[in-house]
Structure formats: C-alpha cells, structure tokens
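A.B. asks: have a look; sequence and predicted model below, questions after that.
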Amino acid sequence: MANLLDPSSRGRVILVGAGPGDPGLLTVRAVEALGVADVVVHDGLIDPRVLDLVPAGAHRISVAKQRARHTLPQEAINALIVAHVRTGAIVVRLKGGDPFIFGRGGEEVEAVRAAGLPVEVVPGVSAALGCAAEAMLPLTHRDHASVVSFVAGQCKGLADQDWSGLAGKGRTLVIYMGVATAADIADKLIADGVTPDMPVAVLEKGTLAGHRALRTLLTDLGQMVARERVVSPAIIVVGEVVDLSDAEDKLARWARIAESAQA
C-alpha cells in the first residue's frame, strides 16, 4: 500500500489532530500532511497560524460547529470529504485536539471506508492533555489519582449519561463541552455522591492567548463559571489532582468562596 503522504499517491483522506490550539503542539506528521493538502476541511476553532501551514493554492473549507448550531450536519461533512477525494484530491480533515476524542473522527473514518477510499489518521495532543499540562495539573498521580475518565458535558443531554463512579477519591474526571451546563454538572456529581468540596478546575482557551486556569470547589462550579464569564473552548477537571497545580491558590480560593457565601 502506498504511503498516504507520498505525493504520487492521490485521492485519499488524512484525518489530522491539530492539538489544543498552539501550533507548536502539532506533530511532525501533522505538519507533513498539511503541506501536501489540496483541500483542508477544518473546524472553526483551528488557530489561524495552523492554517498558515496549508499550501497557498489549497482549498480551505470551514465546517465550524457551535453549541446547538452546526454549519453542516455531520452527514454532510462526510459527504463533502468523500466528494473531494473522488476528484483525486488529497483531503486533510483538520480537527481540534485529537480526532478520536469527542471529535467524531470515528464517524468520518467509517464514511470514507464505506466509500472504498483510503484514509490515514494522524493523532493530536488532546485538549485534556495539552490544557492540563499547561496548567501544571497532572491528570494522574501516584498518591492522588490512578484513574482518569473523559466525558462530554452536553452529549445527548446529561440525563442520558451515567457517570457513576467516574469522580471521587483517587479518580480524575475530565469534562469536555461543559461550560453551558456547569451548574447542572455540579448538581449531578454531588447527587451521585461526590463530596461538594471536591477540587475543580476550569481550563479556558488552553495553550492559546488569554488562557486561564480557574480553580474552585465542586459546589461553586456553576457560580464561578458565571461570575468569571468563562467561554468555550474550556474543559473542566474534577479531582484531588487539581490542588497539586497550585497550593497557594487553594488557600486563596477557599477564602474567596467563604467571602462569597457571607455576602
């Protein structure tokens, strides 16, 4: 089988993870793929500096998605990719983070394979790993967490998701797409038995300009997101490992929460 990055092998898809944002976190393989693209079908949150790596003559197509509003439904994106490949084009499907972690990369691979076309996947640094590393927040730690889980905060509605046992002592829970439902997430976890004073971090715009790492307790999560006016992209980390990132901030955080409760 020809190497999909071989210029002599045309008419294929390269599914590329762009990482959490900073172009410096692209893999070498990702940069190579962008350099041979005829068509780039990209997410809306891709940093413009990443798109600058695409050849000047390549066709760029944004399929930006926002909560409750998609430019194109997933089925249309799949059809778009397949249609361009059938013209003989090298199509790079550029997705934020890693394509196979809440990126619908699996659905797109299935569609390309069903069409009988070749596809390669180039993994990326996931948002959870990249943003947590920037905040010096280890998702696992020998003394604090031996399990880490990833969930979507709005996928098919919280009521349809079973998070039992995913958060609590010795475990770290990472929540994607949870900003809009932060208060409901806190209520859900507390109802499932997670202690209200479990440390929580909200990592906003990780690895990008204006990034913030906000820390609080689970019971305060919804209020903090509102008062700090947190916007997407952001991930929520729930677990004892949050306090390892900044011990001094822990004391200041508790003081702010106590002051807020007295107001």
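C.D. replies: Okay, I see it.

A.B. asks: count of neighbours near the nearest residue to residue 126 once chain neighbours are set aside?
C.D. replies: For residue 126, the nearest residue in space outside its immediate sequence neighbours is residue 98; the separation is 4.3 Å by C-beta to C-beta, 6 or more residues apart in numbering. Placement of C-beta: from N, CA and C, glycine included. Neighbour count of residue 98, defined by other C-beta atoms under 10 Å: 23.

A.B. asks: and the pLDDT at residue 98?
C.D. replies: Among the per-residue scores, residue 98 shows a pLDDT of 97.

A.B. asks: where exactly do the helices run in the stretch 101-250 of the chain?
C.D. replies: Assignment of helices within the stretch 101-250 of the chain using DSSP state H, counting those that start in this stretch yields the ranges 105-114, 127-134, 182-191, 221-227, 247-262.

A.B. asks: name the residues of the first one that come out as buried.
C.D. replies: By 16 or more other C-beta atoms under 10 Å, the buried positions in helix 105-114 come out as 105, 108, 109, 111, 112.

A.B. asks: and if you look at stretch 10-25?
C.D. replies: 10, 12-23, 25.

A.B. asks: find the nearest non-adjacent residue to residue 38, please.
C.D. replies: With C-beta to C-beta, 6+ apart as the criterion, residue 38 has its nearest non-adjacent residue at 4.1 Å, and that residue is residue 89.

A.B. asks: residue contacts, residue 185?
C.D. replies: Shown here is residue 185, whose contacts under the criterion C-beta atoms under 8 Å, 6 or more residues apart in numbering are 153, 158, 175, 178, 221, 222, 236.

A.B. asks: and the residues you listed, which of them are in strands?
C.D. replies: Using DSSP state E, 175, 236 are the members of the contacts of residue 185 that sit in strands.

A.B. asks: now the contacts of residue 185 as CSV including pLDDT and distance to residue 214?
C.D. replies: CSV is the format used below for these (pLDDT from 0 to 100; distance: C-beta to C-beta, whole Å):
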residue, pLDDT, distance to residue 214
153, 90, 16
158, 78, 21
175, 97, 14
178, 94, 13
221, 97, 10
222, 96, 13
236, 98, 10
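
A.B. asks: restrict the contacts of residue 185 to the buried ones and give me that as a ChimeraX selection.
C.D. replies: With 16+ other C-beta under 10 Å as the burial test, the buried ones among the contacts of residue 185 are selected in ChimeraX as follows:
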select :153,158,175,178,221,222,236
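
A.B. asks: now the contacts of residue 185 in CSV, with distance to residue 244?
C.D. replies: CSV is the format used below for the contacts of residue 185 (distance: C-beta to C-beta, whole Å):
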residue, distance to residue 244
153, 23
158, 28
175, 19
178, 21
221, 19
222, 24
236, 17
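
A.B. asks: surely residue 189 meets residue 171?
C.D. replies: No: when contacts are counted by C-beta atoms under 8 Å, residue 189 is not listed as touching residue 171 (11.3 Å).

A.B. asks: so for the two, which residue has more residues nearby?
C.D. replies: residue 189 (24 against 20).

A.B. asks: return the residues in contact with that one.
C.D. replies: With contact set as C-beta under 8 Å, 6+ apart, residue 189 has these partners: 163, 167, 173, 198, 218, 238.
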